[in-house]
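Engineer: Build me a model:
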Amino acid sequence: MSLNSSQLSNEQCEACRPDAPKLSQDGIDQLLPEVPLWEVIEEEGQKRLHRVFTTSNFELAMALASRIGEYADVVGHHPRLVVEWGRLAVTWWSHKIGGLHRNDFICA
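Structural biologist: Below is the predicted model:
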């Protein structure tokens, strides 16, 4: 059974242990439709969840990055944020396991 986005968004990001299992490709394929406009990329041999948000100026991109950063601190799970004029690139992955975990999809 697949979760719909409202169910996924109601889940809590939980601390990820170093021995937590990475999502299988089937798990990724099941969750990816629940986070529209996000894509799976591979960097340094690790699968990561990535999205670029566009804004009308630098100030709005910074404000969005700040809000995501505040959320990340609350849940203890931090993405890579790259702010440029009119855009914010966000990349989630679970550093401890070197790949994707359900937490990454919850945060996205």
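
Engineer: Regarding residue 22, what is its secondary structure?
Structural biologist: Under the three-state scheme (DSSP: H, G, I helix; E, B strand; the rest coil), the conformation of residue 22 reads as coil.

Engineer: what separates the residue nearest to it when sequence neighbours are not counted from residue 93, distance-wise?
Structural biologist: The shortest distance from residue 22 to any non-neighbouring residue, by CB to CB, 6 or more residues apart in numbering, is to residue 99 (4.0 Å). No exception for glycine: its C-beta is placed from N, CA and C like everyone else's. Using CB to CB, to the nearest Å, residue 99 is found at 6 Å from residue 93.

Engineer: wait, isn't residue 93 in contact with residue 50?
Structural biologist: No: using CB atoms under 8 Å, residue 93 makes no contact with residue 50, being 9.0 Å away.

Engineer: mind listing the helices in this structure by residue range?
Structural biologist: In the chain, helices defined by DSSP state H lie at 5-9, 25-31, 58-75, 102-107, listed in chain order.
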